[in-house]
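Student: Please work out how this folds:
(2 chains)
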Amino acid sequence: MSMQREAWAVLILLLIAAGAVYAHATTTTEEYSRHNTGWNGTSTLAAEEIHTLAGLPAGATLLILAPDKPFTQEEVGYLLAFLDGGGKIILADKDGAANTLLADLGSRIRIQPGNLSSLDRDHADPRLFRVRVTGNATLVAGIETLLVNHPAEVTGGEPLLETSPLTWDDTDGDGRVSAGETFGRRAVCAKESNLTVLGDPSLFINAMLPENPGFIENHPVLIDAVHSRTGTTNPVINTLTWIRETPPAGAAIAALAILPVAYLFGRKRE
Amino acid sequence: MRPRASQTILVAAALAALIILAAHATTPVLYTAENISTAAHADPATIQKRSPGDAAAVVPLMDELLGETGTLALTIKLKDYESAERDLARYTELSGRFDRLVVKLDVSGTDIGEFQRKNQENLDSLTTLLDDSRRFDDLQRLEVEVRGDDDRHMAVVYEGEALRQKMREGFSAYAKREPTVTGIAQNYDVDTAPYQESVEHFAEVADAADDWREKTGGGTPPSPLSITLTPVEGYYGDTIRIAGTYAGGLPGTPVEVYVDSRLTETPTLDDEGRYACSYRIGRVLAGPHLVYTTTNGLYSEVRTFEALSGNTTLTLALAEVNQTTVACTGELRTGNRPVTGAPVLLRVDAATLIGTGTDNNGTYREEITLPAGEHTIRAEFHGAGFPLNYSESEARTFHARGEAPSPLPIIAALGALLGAGWYLRRRHQREVPERAPPETVREEEPLVEEREIPPVEVGDLPPRDAATLLFRTLRARLGIPETKTPRDCARLAPDHARFFERYEMIRYAGVLPTEEELQWMKKEARGDEHAA
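Tutor: As a prediction, the model looks like this:
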């Protein structure tokens, strides 16, 4: 009796441990990752991942989030065709990595990496502040202000989101307006036709979505999983993802799991 | 599963859990997440909610301030002095709010700080304009009344001329600021039209004074009371020599010297009709300042000196006073001169402002009580009406150790510890035989099981200890568990109830057994038939 209890206890313990190991192995802390359930991941962002830019559905909205891989000319061609066909692109970046793509798409909008800070805020962090919606776009429809998180300035195009005039580029990073730093109103989001450029991809992370109710909600988007930083370098996750997306591999794994059990049952019956 | 295997797994799992916990035990995030951020962003839920001030009010206030200049200058021009007083009060109140906001937001070194300084100068100019306009109106009325009385008429004309020159100089300074103020305001989309109108109204008031002089005293000879300033510009702490002559004046006649319409010195004429005094540039705004003298109804011409803006240096040193208090000391200087009587602000953790001031040596000292933890303190000088530029000290850090814990819990714990010790000691004394039985008792233990009569030897044991030994012997002989009390034993073995009841009295009531009683108990314990 006592042995049985111990066996059950050990079994439950092992199951809990296995669950913890699985949860640990299949999540990550990488920035913007869809597999990151922490504050800086995008696991709660309701969006469908796509792995090729060819044949994007007309009229859809494509989100390119913090891209860190270059676009080939062929891929640029797909995007241009997508835009021409009525598709919408939201390009969110704060590092300036998307400027090459913007130039290739023929856009005049550019992302200016920097250290935008504002006095018009209610957080101690000067780079965490509110911006006002100043233009019309589906992305910001029905919203008056948005809390942005270390955004970059966006120049060119029609401004959609603008900072307070008490905003400055804190070049020395001391959190104060120092010599050579000047106040001024800056755009952090602008659009040109169907292309919207957002200087703050952090708006899509798990910690920011509840801060901006109404933003991106009820607005179905496809995420470019090829170029966005929503993926992961975790080999376990990538293997599991590959198995899920490759039916023969899934079947092989299922067979590997079932066969030993069937063998054991067969021996027991004999 | 084998018990040893399962136990090993449990122990290993427990050890693994403890090792993992130990590895993270010192990580603060395990207990409270605070200021979590990466290079790309911050977790807003962990960032302290703290606004640097009502920044949203800055631009609207700038707009109101410029609006007030237009209204005030217009009411002065229309000679509606009652309304002008109200407008001036409102403008002063708004300016004060704006000054405090600039300090609170820590933007003195920006163009908004420059706007604030220029606004202070505008406020000063319009306040003076209101006073001068009112006096000018009085003079205009007086001039009509004293026509025919040459001496009094001349006095009125001289004063009018002094006022006219003062208003003209005031307008010149006011107009000079317009491009700077307008430029800054336009950066923030503030409407500058009312301010530009105020410059026009100011000009019309000054022009009206010119017109009056043309009508009344255009041919008036220069005033016999002369005035010269040497030098005509200086920095904080410099001295301006104000001198002149009044040829018709009697020696010893007092001459009143006015700087910015405020009486500052009253020198007297010497034998040759000369007067002289010095004015030290102190707490006055940077820019032009008007000086004139008067004696016996005569007014000199108006002269101007310029207070130049000087740079300042501010130091800060921290010294611990006690666990929670830090003494902030430092010095404010411009060049080699100490700045005296100047307000100094101590900004604690970029949020709290504490005011102090310099003494006659230009030094300041302020003790601040802080909560436990690391604090950053910086001293700031914001100009505050001095012809001096903004300066700040280097930021210093101070680690406040916090209040020592209250001694009451420690005293209570010590008391509880001593009480527990006393109780245990007393209990130990009572149970000495049980806790430390003599060798003979240990030898008995195997006999208990065999239910054999133990060889009881009380030897030199104290009577109560001997009784305890005999009780244990009898209990063992009867096979009663050691957990049973004397009362339990009496119930379980009624034949020996008397023995156990007697022992209960000895054990718990403090009765001391006699030698006879011990002999009887010994026999009872051994089971001698004649014991009873």
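
Student: any low-confidence regions in the stretch 201-350 of chain B?
Tutor: Along the stretch 201-350 of chain B, segments meeting pLDDT under 70 span B:217-220.

Student: could you list every residue that touches the residue in it positioned nearest to chain A?
Tutor: At 7.2 Å from chain A, residue B:350 is the closest residue in the stretch 201-350 of chain B, using Cβ to the nearest Cβ. From N, CA and C alone the C-beta is placed, and that goes for glycine too. Taking Cβ atoms under 8 Å, 6 or more residues apart in numbering or on different chains, we find residue B:350 in contact with A:175, B:52, B:106, B:376.

Student: ranges for the helices of the chain?
Tutor: Because you didn't say which chain, this covers chain A. In chain A, the segments counted as helices under DSSP state H are A:2-25, A:73-84, A:99-104, A:235-245, A:247-269.

Student: meant chain B, my bad for not saying
Tutor: In chain B, the helices defined using DSSP H lie at B:3-24, B:58-77, B:81-104, B:111-145, B:150-187, B:193-217, B:407-430, B:432-435, B:439-450, B:463-477, B:486-492, B:497-508, B:515-526.

Student: I'd like to know which elements the third one is packed against.
Tutor: In terms of contacts (3 or more Cβ pairs under 8 Å, 6 or more residues apart in numbering or on different chains; DSSP states H and E), helix B:81-104 is packed against helix B:58-77, helix B:111-145.

Student: residues of the last one that come out buried?
Tutor: Applying a neighbour-count criterion of 16 or more other Cβ atoms under 10 Å in any protein chain shown, one finds B:111-126, B:128-130, B:132-133, B:136, B:139-140, B:142-143 buried in helix B:111-145.

Student: what's the answer for the shortest one, then?
Tutor: Within helix B:58-77, the residues scored as buried using 16+ other Cβ under 10 Å are B:58-59, B:61-77.

Student: give me every residue that touches residue A:76.
Tutor: A:101, A:104, A:105.

Student: Among these, which one sits closest to residue B:278?
Tutor: Checking these against residue B:278 with Cβ to Cβ, the nearest one is residue A:101 at 71.9 Å.

Student: Quick check, the closest one in contact with residue A:67.
Tutor: Yes. If you go by Cβ atoms under 8 Å, residue A:101 and residue A:67 touch, sitting 7.0 Å apart.

Student: any residues in contact with both of these two?
Tutor: Joint contacts of residue A:101 and residue A:67 (Cβ under 8 Å, 6+ apart) are residue A:91.

Student: what pairs with the most centrally placed residue in chain B across the strands?
Tutor: In chain B, the centroid-proximal residue (Cα atoms, centre = their mean) is residue B:354; its distance is 4.6 Å. Beta-bridge pairing of residue B:354 under DSSP bridges involves residue B:346.

Student: show me what contacts the closest residue to residue A:56 other than its chain neighbours?
Tutor: Nearest-residue entry for residue A:56: residue A:82, 4.6 Å, with adjacent residues in sequence omitted and distances by Cβ to Cβ, 6 or more residues apart in numbering or on different chains. For residue A:82, the contacting residues are A:53, A:56, A:58, A:62, A:89, by Cβ under 8 Å, 6+ apart.

Student: Show the buried residues in those residues.
Tutor: For these, a neighbour count by 16+ other Cβ under 10 Å gives the buried set as A:53, A:56, A:62, A:89.

Student: Give the full set of residues in contact with the second one.
Tutor: Residue A:56 makes contacts with A:50, A:62, A:78, A:82, A:87, A:222, as judged by Cβ under 8 Å, 6+ apart.

Student: Tell me the spacing between the second one and residue A:119.
Tutor: This points to residue A:62. 36 Å (Cβ to Cβ, to the nearest Å).

Student: How about the third one?
Tutor: Shown here: residue A:78 relative to residue A:119, a distance of 43 Å by Cβ to Cβ.

Student: out of those two, which sits in the busier spot?
Tutor: residue A:119 (26 against 17; other Cβ atoms under 10 Å in any protein chain shown).

Student: contacting residues for the more buried one?
Tutor: Going by Cβ under 8 Å, 6+ apart, the list of residues near residue A:119 reads A:126, A:164, A:166, A:167, B:52, B:53, B:55, B:58, B:105, B:107.

Student: Among these, name the ones in strands.
Tutor: residue A:167 (DSSP state E).

Student: Quick check: PyMOL command selecting the buried ones in the contacts of residue A:119.
Tutor: Typed into PyMOL, the line below selects the buried ones among these, using 16+ other Cβ under 10 Å:
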select buried, (chain A and resi 126+164+166+167) or (chain B and resi 52+53+55+58+105+107)
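
Student: any chance of the contacts of residue A:119 in TSV, plus pLDDT and distance to residue B:98?
Tutor: Converted to TSV, the contacts of residue A:119 look like this (pLDDT from 0 to 100; distance: Cβ to Cβ, whole Å):
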residue	pLDDT	distance to residue B:98
A:126	94	22
A:164	94	17
A:166	94	14
A:167	96	20
B:52	86	16
B:53	86	12
B:55	91	13
B:58	94	8
B:105	91	11
B:107	91	11
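
Student: re earlier: export the helices of chain A to CSV and append columns for mean pLDDT and distance to residue B:161.
Tutor: Compiled in CSV, the helices of chain A are given as follows (pLDDT from 0 to 100; distance: least, Cβ to Cβ, whole Å):
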stretch, mean pLDDT, distance to residue B:161
helix A:2-25, 81, 90
helix A:73-84, 96, 76
helix A:99-104, 96, 68
helix A:235-245, 85, 90
helix A:247-269, 83, 103
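
Student: most packed of the ones you listed?
Tutor: When these are scored by mean count of other Cβ atoms under 10 Å in any protein chain shown, the highest mean neighbour count falls to helix A:99-104 (a mean of 17).

Student: Please state the offset of that one from the chain centre?
Tutor: Helix A:99-104 sits 20 Å away from the centroid of its parent chain (Cα atoms, centre = their mean, to the nearest Å).

Student: And for stretch B:417-429?
Tutor: The answer for stretch B:417-429 is 51 Å, by Cα atoms, centre = their mean.

Student: ok, back up a step: out of the helices of chain A, which gets nearest to residue B:267?
Tutor: helix A:99-104 (72.4 Å).

Student: what's in contact with that closest one?
Tutor: With Cβ under 8 Å, 6+ apart as the criterion, helix A:99-104 contacts A:64, A:67, A:70, A:71, A:73, A:76, A:79, A:91, A:109, A:110, A:111, A:197.

Student: got the contact list for residue B:98?
Tutor: B:58, B:61, B:62, B:65, B:116, B:119 are the contacts of residue B:98 under Cβ under 8 Å, 6+ apart.

Student: how near is it to residue B:120?
Tutor: Using Cβ to Cβ, residue B:98 is found at 9 Å from residue B:120.

Student: sorry, back to before: residue B:475: which of the buried ones among the contacts of residue A:82 is nearest?
Tutor: residue A:62 (90.4 Å).

Student: Tell me what that closest one is bridged to.
Tutor: In beta-bridge terms (that is, DSSP bridges), residue A:62 pairs with residue A:89, residue A:222.

Student: For the stretch 1-150 of chain B, what lies in contact range of chain A?
Tutor: Applying Cβ under 8 Å from any Cβ of the partner chain, we find that the stretch 1-150 of chain B lies next to chain A at B:1-3, B:6-7, B:9-10, B:13, B:35-38, B:40-53, B:55-56, B:58-59, B:105-107, B:109-112.

Student: Weed out the non-buried ones from those.
Tutor: Using 16+ other Cβ under 10 Å, the buried ones in these are B:6, B:9, B:13, B:36-37, B:40-44, B:46-47, B:51-53, B:55, B:58-59, B:105-107, B:109-112.
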